[in-house]
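with the sequence up front, the predicted model follows.
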Amino acid sequence: MAAEQEACQGSDSKSLIQEGDQVVLRIDKALKVVQVRKNRKILFERLRFLIDNAIDRPFGSVFEVKGDKLHLIEPAEEDVDELEATKAENGEKSSEYQPIKSDGQSQKLTRDDVDVLKSQGASGKEIVKKLVENSETFKDRTEFSKAKYMKKKHKKYNAKITVLKPSTRLIASMYYSRAPNKICALRPDALSQLLSLANIRANSNVIVMEQCQGLVAGAVLDRMGGHGSIVQIHSGNFPTRMAMECFGFSSSFMEIVDGFPLCKVNSLKVPSQELEDMTPSQTVEVIIKKEQSESEADVDETNQQSRASSSKTSEEQSTEVKNQQEKLLRRTKRQLEERKARNTLQLRNMDSLVVVCKLHPSAIVLELLEYVAPSRPFVIFSTIKEALAECYTDLRNRGGVVNLQLTETWWREYQVLPGRTHPLVNMDGSGGYLLSGTTVERTPSSDSSPIQTETPDERAEIPETVTSCLKENNSTSQTLAEEESSEPPAKKVKE
């Protein structure tokens with residue numbers, strides 16, 4: 001019974017907002033990830049407020065801003081009820097079109113009056129009600145126009161903030177709406193297809209090569225549930241994990257993520273002398289103790305130098321020592337991650353490969369596929385179709401892959417409202433392209449044989465999306481003309 005009660009208490013605590021948690025704030029369609037801290041002011045959609053009142057509240061709670069604090073909104077009357085009440089008061093006149101004068105004199109309530117109402121502690125709903133009462137043209141509007149007017153004023157004066165738990169969909173939507181270039185214009189629907197095609201699951205070994213601030217690696221880690229291993233290939237000196245921090249993963253989750261630099265991938269083919277000479281007694285703990293002893297010696301030297309200089313205070317000395325220790329720990333952690341990732345890759349038993357980067361993917365994919373086991377999926381995302389088409393042909397010439405597919409992700413969002421259901425006016429033309437396939441074992445004879453030219457039958461198997469990118473379409477008009485000339489003339493049907 002005691003264990004069951006502890007489990008129930010643990011599950012309840014996870015559903016409540018605690019200090020230090022990462023949360024997603026939502027106002028209408030705007031999203032922002034923040035860390036919950038007391039006495040911390042947050043600026044979001046022109047609102048400045050403290051998030052203290054959200055602590056110990058369940059995820060999904062709705063708040064409104066009064067002054068500079070959040071106040072919980074209990075389930076009550078919806079805004080639709082107010083619109084229905086307004087419609088009943090105005091009668092049939094509201095459904096007819098009336099010309100509205102937009103001379104700026106229709107609103108009797110001035111901005112100073114609104115500021116006075118705010119200083120008196122009036123809620124946003126009361127301010128919107130006052131604006132409606134002092135509007136001379138509100139009664140002449142149609143029902144659709146009234147709904148848009150009320151929605152606009154509620155968004156400005158009565159914004160409702162929803163505190164949500166971070167998820168892959170929310171974080172991907174936030175990055176795509178705010179800065180799509182930082183995540184290679186990877187839409188949430190394309191990310192979901194990428195995870196499905198790569199067969200991401202728990203207890204699997206995944207290679208992730210991405211330049212998306214750690215979004216793809218975080219999505220893979222979230223789906224794996226902290227079980228398995230992830231080798232994050234990075235193009236810089238250290239892996240970028242800004243988006244991964246938004247998920248709020250625990251330390252046990254982050255232990256399975258290891259970074260490895262792209263510039264050292266070629267060194268995997270040659271065993272490192274340092275790894276060969278490394279004895280079993282040289283474990284991670286021994287390396288950390290060795291680095292800490294060296295750091296303590298460096299700290300002693302810095303302390304002696306700091307005593308000699310009388311200009312520095314004790315606080316500056318402690319801050320400098322702390323910064324050096326943190327820098328040393330980060331460097332040691334990266335070195336340990338690199339060694340662990342090297343050992344994992346050299347087994348050549350990875351379960352899937354995911355590539356989302358701004359670089360040309362051909363060279364990267366051909367190099368990393370050597371460490372993926374046979375009968376395993378791989379997926380490459382890019383916004384440039386021609387780059388994936390070249391990668392398609394390079395993979396066919398290399399061999400060892402089957403079921404190659406080059407697809408385009410297409411997604412359309414609809415507005416669903418009574419009498420106003422239609423696609424959104426502003427939408428993206430394309431959501432990028434996905435190249436997926438499955439690895440197979442390559443025979444030694446096929447590896448040593450030269451690249452053979454494709455037969456006409458093999459060329460026919462290449463999708464049209466690939467051939468259109470590699471060949472000119474000058475013969476398209478000639479083919480159409482020949483087909484039209486070869487067809488017999490259509491007979492006229494007598495009535």
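Cool, the structure landed. Residues are numbered from 1 along each chain as shown.

tell me where the model's unsure across the stretch 251-400 of the chain.
Along the stretch 251-400 of the chain, the model assigns pLDDT under 70 to residues 271-313.

hmm, 80 instead?
270-322 (pLDDT under 80).

where along it do the strands fall?
In chain order, the stretch 251-400 of the chain shows strands spanning 257-261, 352-356, 377-382, with DSSP state E, counting those that start in this stretch as the criterion.

need those strands in a markdown table with distance to residue 333, can you?
Backbone N, C-alpha and C define where each C-beta goes, glycine included. Converted to a markdown table, the strands of the stretch 251-400 of the chain look like this (distance: least, CB to CB, whole Å):
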| stretch | distance to residue 333 |
| --- | --- |
| strand 257-261 | 9 |
| strand 352-356 | 23 |
| strand 377-382 | 29 |
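
and those strands as TSV, adding mean neighbour count?
Formatted as TSV, the entries for the strands of the stretch 251-400 of the chain read as follows, by neighbours: other CB atoms under 10 Å:
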stretch	mean neighbour count
strand 257-261	22
strand 352-356	25
strand 377-382	24
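
walk me through the domains of this structure.
The domain map for the chain lists 15-90+108-165, 168-270+328-439, with the assignment taken from the TED database.

most tightly packed of those domains?
A comparison of these by mean neighbour count, using mean count of other CB atoms under 10 Å, puts domain 168-270+328-439 on top with a mean of 18.

for the stretch 151-300 of the chain, what spans make up the helices?
168-178, 188-197, 215-224, 242-246, 251-254, 273-277, 284-308 (DSSP state H, counting those that start in this stretch).

got a list of contacts for the third one?
The list of residues contacting helix 215-224 from outside it, by CB atoms under 8 Å, 6 or more residues apart in numbering, reads 167-168, 171-172, 175, 183, 186, 191, 194-195, 198, 200-204, 206, 208, 210, 230, 232, 239, 241, 243-244, 246-247, 249, 253-254, 256-257, 354, 356.

the first one too?
Among residues not part of helix 168-178, those counted as contacts by CB under 8 Å, 6+ apart are 24, 26, 29-33, 164, 182-183, 185-188, 191-192, 212-213, 215, 218-219, 222-223, 243, 246-247.

average pLDDT for that helix?
For helix 168-178, the mean per-residue pLDDT is 95.

longest helix of the chain?
Among the elements of type helix in the chain, defined by DSSP state H, the one spanning the most residues is helix 314-346.

tell me how far it lies from the chain's centre.
Taking the mean of its C-alpha atoms, helix 314-346 sits 27 Å from the chain's own mean (CA atoms, centre = their mean, to the nearest Å).

the inter-axis angle of that helix versus strand 257-261?
With axes from the mean of the first three to the mean of the last three CA atoms, to 10 degrees defining the directions, helix 314-346 sits at 80 degrees from strand 257-261.

so what secondary structure elements neighbour helix 314-346?
For helix 314-346, the packing partners by 3 or more CB pairs under 8 Å, 6 or more residues apart in numbering; DSSP states H and E come out as strand 228-234, strand 257-261, helix 273-277, helix 284-308.

now the angle from that helix to strand 228-234?
Orientation check (the same axes, to 10 degrees): helix 314-346 against strand 228-234 gives 110 degrees.

where in the stretch 51-200 of the chain is pLDDT low?
Scanning the stretch 51-200 of the chain for pLDDT under 80 picks out the ranges 67, 75-107, 118-119, 121-124, 136, 140, 143-144.

I am finished for the moment; much appreciated.
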